[in-house]
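K.L.:
What follows is a predicted structure for the sequence shown.
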Amino acid sequence: ERERSPTTNCANLVTRAITMLTFLLLCLPITTTAQTQKFLLHPTSQLINSHERNLSLLQQHPAHERNSAVYATLAPFLSSLHPDERDTFQKSFEEARRYSRHERFYRESERDRKLRGRQLQMYSDPPVSADSDAMEESVTVNSDGSPILEDEGETSTAPASEEIIANDTSDIDPNLIKTYQPAPLLQGYGTHYATIWVGSPPQRQSVIVDTGSHFTAFPCVGCEECGEEHHTDKYFDPSLSQSFYALGCNECIMSRCESGRCVFSEEYTEGSSWKAYQGKDNFFVGKNQAYGRDDPVDNSFAIPFMFGCQIRETGLFATQLANGIMGMSAHEATLPRQMFDKGKIKHKVFSLCFRLELSVSKEGIVAGAIVLGGVDSTLHTSPMLYAQNMVGRGWYTVYVRNVYLRQGGGQSVVPEEEGVMIVRLPVDSKLINSEKGVIVDSGTTDTYLHESIQPMVNEAWKRITGAPYSNNEVSLSPDQLNSLPTVLIQLSAWDEDSAEERLGDPRSTVGLAGDLDPRHPHDVILAIPATHYMEYIPLKDVYVSRLYFSETRGGVIGANAMQGHDVSFDWDNSRVGFAESGCDVGVDVN
């Protein structure tokens, strides 16, 4: 009111405040009843409400205990639900992964609209060939399990960065606007999704960011049983866009002609599928608030982009929170490549920073960031270190050289205590990287490694914990959870020949193998703590490990392993980078 009537005197303000307070008090019972009905109809909303009521409780607990604290408050609510509602609630939990090093309930306000300063790491290194030494057999098990990673300081390895300082978009140099684009990622059911704006005028849609596929697709008006009631937004309506057009049969891209349209489909390992016709329209990634459609900076990245207008969905596509999916592999049809080809970004590179929030909402819960064209180094708590991408096109594929189990847990690659035991598993690196190899897939919730590792994990796990490894349900206290081994995965280094010159002493750089593997000291170590690979099932008060040793060829490093990291996908230089991060983007990315 003060902003609309700046000359209003104090007496008038007080009078209006009292009137408004009286109105709110009179309406309180009606509001309460409506809210109660809403939560019963949408059980997932109750989690958000419960979380808001218990913020003070959360702040009294360390980050790794906050999940248990919240879930404990839900027991009376869960027991009161109708069985159908309880099943729906449990499904949403079991599809999501609820653990993060930096949990924070975040909602944006209007003041977050202005851009904040960002310091981004850009690339000019020439592409290199795959590491020929990466195909060696891994060394035998370390019998004493004693190597320790030493934290002797964080040595930055980033090339010169570009920095933009701006209070509003008018202050930004137009030449720098087209170098990179940061945008928020939001929490979905076990995956993260981005907000996209499509058409003229722009219509909001949401898409899972999936480095394990090539194409972007979401439901359009007329889609059959595509779950509009579950998604964040209504179906895209091509008739409302002045710039949309369906591709004709002479324009088909990896598709077939049906009834004058280019039709294609995708099927996924977990059983979901979709069918769509190919269309093209103005397209950009942005903020999920309504004002996002008009953001001048985000609009400057808009391009005419080919996507699938879905006419059918099956499986999780119909029930997921996000409307559709955005393929982000190293493929010509992906958004980063098209933005590069059209001169919107200078490098074929993007980064995904994942943290996991305690709740989901159609309004959107910010849970990380995507940067198109660069990497946001301000988010990092350790240097960005690069593993070799083993293929030049398609899935981003790393070479797993070794796997370790570290006693005593810990969130970081650096142990929380000195003298902890680290057991190297005697894996056959050629076998676990066979066929398609090990891909880094943001669209797969869990992590899957080769079945040959299972007996070794069982033996080492029992040696450390006293019990064999299992994917069965188990009851754990918070202390027991955090004392479970941290899994360390050693990835073959990018451009190992120049690593010594670029990185210096590997024992003084957080995230390098160092003394763990003296033959390959510049390899990258990816740490996966128990709070990331163990999923909590609140209705049963049990945990389940989502780290599987079941693949007959190759493997998948999924979203739960990416959590707590900023991961760079650098097509230009054939590399995948990992930096530890809370991905606590706050208001800056908005």
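P.N.:
Thanks, I have the structure now. From a predicted model like this one, the values you see are computed outputs, not experimental measurements.

K.L.:
lowest average confidence, helix or strand, in this structure?
P.N.:
Counting by mean pLDDT, DSSP states H and E, the weakest-scoring helix or strand in the chain turns out to be strand 161-164, with a mean of 31.

K.L.:
any idea which helix or strand comes after the lengthiest strand in the chain?
P.N.:
Counting residues, the longest strand found in the chain (DSSP state E) is strand 273-286. Scanning forward in sequence from strand 273-286, with DSSP states H and E defining helices and strands, the next element found is helix 296-299.

K.L.:
which parts of the helix or strand immediately after that next one in the chain are buried?
P.N.:
With elements assigned by DSSP H and E, the helix or strand that comes after helix 296-299 is strand 303-314. For strand 303-314, the buried set under the neighbour-count rule, 16 or more other Cβ atoms under 10 Å, comprises 303, 305-313. Just so you know, the C-beta spots here come from the backbone N, C-alpha and C atoms, and that holds for glycine as well.

K.L.:
What is strand 303-314 packed up against?
P.N.:
Based on contacts counted as 3 or more Cβ pairs under 8 Å, 6 or more residues apart in numbering; DSSP states H and E, the elements that strand 303-314 packs against are strand 216-224, strand 273-286, helix 335-341.

K.L.:
Compare the ones you listed and report which one is nearest to Y548.
P.N.:
Proximity of those to Y548 was assessed by Cβ to Cβ; the nearest stretch is strand 273-286, lying at 22.4 Å.

K.L.:
Give me the angle between the closest one and strand 216-224.
P.N.:
With axes from the mean of the first three to the mean of the last three Cα atoms, to 10 degrees applied, the angle from strand 273-286 to strand 216-224 works out at 120 degrees.

K.L.:
So which elements touch strand 273-286?
P.N.:
strand 181-187, strand 192-198, strand 216-224, strand 245-246, strand 261-267, helix 296-299, strand 303-314.

K.L.:
If you average the pLDDT over it, what comes out?
P.N.:
Per-residue pLDDT over strand 273-286 has a mean of 96.

K.L.:
and that strand with strand 192-198, angle?
P.N.:
Angular relation of strand 273-286 and strand 192-198 on a 0 to 180 degree scale: 80 degrees, by the same axes, to 10 degrees.

K.L.:
Just checking: what are the partner strands of strand 273-286?
P.N.:
strand 192-198 (antiparallel), strand 245-246 (antiparallel), strand 261-267 (antiparallel), strand 303-314 (antiparallel) (DSSP bridges).

K.L.:
Minimum distance to L547: which of the ones you listed has it?
P.N.:
Closest approach to L547 among these is made by strand 192-198 (19.1 Å; Cβ to Cβ).

K.L.:
where does the stretch 301-450 of the chain have low pLDDT?
P.N.:
Counting by pLDDT under 70, the stretch 301-450 of the chain contains low-confidence residues at 358.

K.L.:
which residues sit against the helix or strand harbouring A579?
P.N.:
In this assignment (DSSP H and E), A579 forms part of strand 575-580. By Cβ atoms under 8 Å, 6 or more residues apart in numbering, the residues outside strand 575-580 that reach it are 351, 375, 377, 379-389, 396, 398, 412-413, 440, 491, 494-495, 510-511, 524, 526-527, 564-570.

K.L.:
ok so, going back, can you check which of the helices and strands packed on strand 273-286 gets nearest to R502?
P.N.:
With Cβ to Cβ, the closest approach to R502 among these belongs to strand 181-187: 25.7 Å.

K.L.:
All set, thanks.
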